[in-house]
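Engineer: Predicted model, plus sequence, below.
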Amino acid sequence: MSLTLSAGGAMAWRGAARVVPPALGLAALLAAWAVLTEAGIIAPYLLPKPSAVLAEILTNNEPLWRHGQLTAMEALLGFAIGNIVGVVVAVLMGWFPAFKRCVLPLALVTRGMPMVAITPILVLMLDRGLVPIVTVVSIAVYFPTLITMVRGLESADVEYHELLHSLSASRLQRLLIVELPAALPFLFTALKIGASIAFIVAITGEWVGASAGLGYLIVISGEYFKLAMMWSAIIVASGLTLVTLGCVMLVEKLLGRWTARGEGMA
């Protein structure tokens, strides 16, 4: 009984050790924000009071909800498409070395292009709206998945490959039985990176090539000096990013048996 209690206490302590420091840091940041704005050290036309931002979120949340839905759809669609493309291309690169030699340099070149520069070109090609933003998010997300999945697929145990080869397993069977389980830790590392940048890229794209979305709302609110709304949109965007990242981490935890190797990689 005592061993059970001590084990439960240790788990509770580890959970608190993960939650308490970030919570204290957030509380200190909010306190500093409140003190600096209430004392007039930071002018209200630069940074509104936290109470004004909270009131904006609570009383004028219809624009936040409407624009936030669009940004969430753009970011999540791009996140899904980019990761699926990254995984498929990584598998094909593992199967066909010549394909890898052709595609990998192009992927590196694409990664070097700034998303802000690509977005106007995509808007000219695809017109304003959902498609160019989803495309630019997909481009930003697929590269981490591609590179980490290539490494993950190559990390599969050689002895398992030899065993399946002796059993005349097909290439697809080796992929499903050996390579993909070995690559899962690497995949979740890439998913966490993608979840962290998807909304950032979507909002940046909306600054340039959209007439709706949180990025558009931030720009318009700044132009009309509606700083409480602007900061409300920024906070909502941050919250959406954290929720997406939390969902990825939850799935990773549920698949802990297969993703344990990835804990030190994130």
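Structural biologist: Right, received. Where do you want to start? Note that the structure is predicted; figures quoted are calculated from it, not measured.

Engineer: Helix, strand or coil: sort out residue 169 for me.
Structural biologist: coil (DSSP: H, G, I helix; E, B strand; the rest coil).

Engineer: Pull the contacting residues for the residue nearest in space to the middle of the chain.
Structural biologist: The structure's the chain has its C-alpha centroid closest to residue 195; by C-alpha atoms, centre = their mean the separation is 1.1 Å. The contact partners of residue 195, by C-beta atoms under 8 Å, 6 or more residues apart in numbering, come to 79, 241, 244-245, 247-248. The C-beta positions use only the backbone N, C-alpha and C, and glycine is treated the same way.

Engineer: which one is residue 125 nearest to, not counting chain neighbours?
Structural biologist: Counting by C-beta to C-beta, 6 or more residues apart in numbering, residue 125 lies nearest to residue 132, which is 7.6 Å off, once chain neighbours are set aside.

Engineer: Does the one you found touch residue 138 like I think?
Structural biologist: No - the pair residue 132 / residue 138 is not scored as a contact, 10.6 Å apart, by C-beta atoms under 8 Å.

Engineer: Which stretches in this protein count as helices?
Structural biologist: 2-38, 50-59, 62-95, 97-112, 115-126, 130-154, 158-166, 171-174, 180-209, 214-223, 227-254, 256-259 (DSSP state H).

Engineer: Rebuild these as CSV, extending it with mean pLDDT and distance to residue 44.
Structural biologist: Shown next, in CSV, are the helices of the chain (pLDDT from 0 to 100; distance: least, C-beta to C-beta, whole Å):
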stretch, mean pLDDT, distance to residue 44
helix 2-38, 70, 7
helix 50-59, 86, 8
helix 62-95, 92, 20
helix 97-112, 80, 41
helix 115-126, 74, 30
helix 130-154, 87, 32
helix 158-166, 66, 63
helix 171-174, 74, 62
helix 180-209, 87, 24
helix 214-223, 88, 14
helix 227-254, 91, 7
helix 256-259, 64, 46
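
Engineer: Touching, residue 86 and residue 152? I think so.
Structural biologist: No - between residue 86 and residue 152 there is no contact under C-beta under 8 Å: 11.2 Å.

Engineer: Grab the nearest non-local neighbour of residue 215.
Structural biologist: Nearest non-adjacent residue to residue 215 (C-beta to C-beta, 6+ apart): residue 206, at 2.8 Å.

Engineer: mind listing what the one you found touches?
Structural biologist: 71, 74, 133, 212-216, 219.

Engineer: ok, so of those, who is nearest residue 56?
Structural biologist: The nearest member of the contacts of residue 206 to residue 56, counting by C-beta to C-beta, is residue 214 at 13.7 Å.

Engineer: Please work out how many residues are found near the residue lying closest to the closest one once chain neighbours are set aside.
Structural biologist: Leaving aside its sequence neighbours, residue 214 sits nearest to residue 71 (C-beta to C-beta, 6+ apart; 4.3 Å). Neighbours of residue 71 under the rule other C-beta atoms under 10 Å: 27.

Engineer: Surely residue 71 is in contact with residue 215?
Structural biologist: Yes - the pair residue 71 / residue 215 is scored as a contact, 6.9 Å apart, by C-beta under 8 Å.

Engineer: Next, show the common contact partners of the two.
Structural biologist: With C-beta under 8 Å, 6+ apart, residue 71 and residue 215 have common neighbours 202-203, 206.

Engineer: With that, I have no additional questions.
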